[in-house]
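J.: Here is the input, now give the coordinates:
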Amino acid sequence: MTPSKLEIVEAFRLEALSAPVDLASLAKKWGVVSIEQQPLESDAMLVRRRKGYSIILKQLNGVSGVTRQNFSFAHELGHLLIQKYSVSQQFDDSTKHRLSRNRQDDEEQLCEQLAAEILMPRLAFEEDGWMEGWSINNLKALARKYGASIPATSRRMIDLMPETGVMASWKPPLKSAAERPKLLSSYCPSSRYQPRNSVPRLRSWLITRASGVRQVQTGFAPLVDRNSGLVTPKDVPAEAWAWGHGEFNKVMVWYYPDRELSSDQKSLSMGLTRKAV
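T.: The predicted structure is shown next:
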C-alpha cells in the first residue's frame, strides 16, 4: 500500500519547512548517514545501510546540473519518507523487489510530487509568491531562491497561485517564419485545460515574439477547454517568456482561462479568426 502525498506531507510537516531548504541537514534529520557523489547512470540512489541510509547523487559535470541534482536529492528523500511512514504504519512493503510495476510507477510519481513539496515548501513558497507576485515575471527569481529548475518552479507556482493557471513549454521555430512552434510539455492542475499540440501559425505570434527577446511578453493564446466537449481552442490572456540559448531556447507560456480579454485583444482575436477561415 503506497501512502498518499497528503499523508506524507502531514506526517513530516513538509509544508512548514524553512526556505531555502538545506537538503543535507534534512537528510541527516531523517536518518541519512552519508551523502556521496558518484558517476551514476541514474540521477540518484537511496541505499539502506546497517545504521540508516545513504543517498548517492550523480556526479556533477559543471554548474548547469545543480538544479537537477537538487530535485533528484529531494526525490530520493521522498523515497526515504515513504519507507519511514510505511514502517511507522506497520505496512512495510516498500522494498523495491516486492513492488509490482504499477506500484513502482505510483511511488515514482509520488516522489516527484514530494520532491516539489520538500524543495519548495508550501507556506514559504506561498509567502514569496504573494510578496513577489504570482506572475511569470517572477519565475526566474523564485527558481534561483529555491534552487529549482524553471519548469519545476513554474509548475509549483501554477499549483499554488490563487487563480486558475495553465503552463506550457514550447520549442519556437528556429529557421523559417512558416514553421510552427512545437509543444514540449504542458500542465494544468485540474487537467481541464490544455494547449493544442499544433498551433496555427497566425496564433503562435506570442510564442514567436517572446522567443526573440528576454523580457516577458503579454497578449493572448489559444487554449482548449476539455469540459466544453469542443476541440476548438479559445483565446485567453497569456504571458510568455523565453529562456535558454540557441537550439536549447524554449518559451514558457502561462494561460489565464478565467480572465477576460481586453476589447483590443478581442478585436485582434476576431481578426485572426477571420484570416484563418
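J.: what sits against residue 225?
T.: When contacts are counted by C-beta atoms under 8 Å, 6 or more residues apart in numbering, residue 225 touches 192-193, 234, 257. C-betas here are computed from N, CA, C, even on glycine.
J.: Could you save those residues as CSV and add columns showing secondary structure, pLDDT and distance to residue 199?
T.: Below are these laid out as CSV (DSSP: H, G, I helix; E, B strand; the rest coil; pLDDT from 0 to 100; distance: C-beta to C-beta, whole Å):
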residue, secondary structure, pLDDT, distance to residue 199
192, coil, 93, 19
193, strand, 94, 14
234, strand, 89, 13
257, coil, 95, 16
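J.: I'd like to know how many residues surround residue 33.
T.: Other residues lying near residue 33 total 13 when counted by other C-beta atoms under 10 Å.
J.: again, but for residue 229
T.: 6.
J.: ok, and the most crowded of the contacts of residue 225?
T.: Highest count within the contacts of residue 225 by other C-beta under 10 Å belongs to residue 193, 23 neighbours.
J.: so what's the closest residue to that one other than its chain neighbours up against?
T.: Nearest residue to residue 193 in three dimensions, chain neighbours excluded: residue 166, at 4.7 Å (C-beta to C-beta, 6 or more residues apart in numbering). By C-beta under 8 Å, 6+ apart, the contact set of residue 166 is 158, 186-188, 193-195, 223, 254-255, 257.
J.: and the longest helix seen in the chain, what other elements does it pack with?
T.: In the chain, taking DSSP state H as the definition, the longest helix is helix 66-88. Secondary-structure packing of helix 66-88 (3 or more C-beta pairs under 8 Å, 6 or more residues apart in numbering; DSSP states H and E): helix 5-12, helix 23-29, strand 32-38, strand 44-49, strand 52-58, helix 101-119.
J.: tell me the most buried of the ones you listed?
T.: Highest mean neighbour count among the helices and strands packed on helix 66-88 (mean count of other C-beta atoms under 10 Å): strand 52-58, with a mean of 19.
J.: Show the pLDDT at the nearest residue to residue 3 once chain neighbours are set aside.
T.: Nearest residue to residue 3, sequence neighbours excluded (C-beta to C-beta, 6+ apart): residue 85, at 5.3 Å. What the model reports for residue 85 is a pLDDT of 93.
J.: Residue 85 contacts residue 11, doesn't it?
T.: Yes - with contact defined as C-beta atoms under 8 Å, residue 85 reaches residue 11; the gap is 5.5 Å.
J.: just how off-centre is the lowest-mean-pLDDT helix or strand in the chain within its chain?
T.: Least confident helix or strand, the chain: helix 263-276 with a mean of 81, by mean pLDDT, DSSP states H and E. Distance of helix 263-276 from its chain centroid, counting by C-alpha atoms, centre = their mean, to the nearest Å, is 32 Å.
J.: Next, the buried residues of it.
T.: Under the neighbour-count criterion of 16 or more other C-beta atoms under 10 Å, helix 263-276 has 265, 268-269, 272 buried.
J.: go on, stretch 239-250?
T.: 239-243, 250.
J.: got it, and stretch 122-138?
T.: 122, 124-126, 128-129, 134, 136, 138.
J.: Next, the distance between the ends of stretch 36-45.
T.: Terminal residues of stretch 36-45 lie 10 Å apart, using C-alpha to C-alpha, to the nearest Å.
J.: Report the distance from it to the chain centre.
T.: Counting by C-alpha atoms, centre = their mean, stretch 36-45 is centred 22 Å from the centre of its parent chain.
J.: ok, residues contacting that stretch?
T.: 54-60, 68-69, 72-73, 75-76.
J.: again with stretch 256-276
T.: 163-166, 193, 200, 202-203, 219-220, 223, 225, 234-238.
J.: Buried subset of these as a PyMOL selection?
T.: Buried subset of those, written as a PyMOL selection, criterion 16+ other C-beta under 10 Å:
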select buried, resi 164+165+166+193+203+219+220+223+225+234+235+236+237+238
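J.: returning to that earlier point: farthest-separated two in the contacts of residue 225?
T.: 192 and 234 (12.3 Å; C-beta to C-beta).
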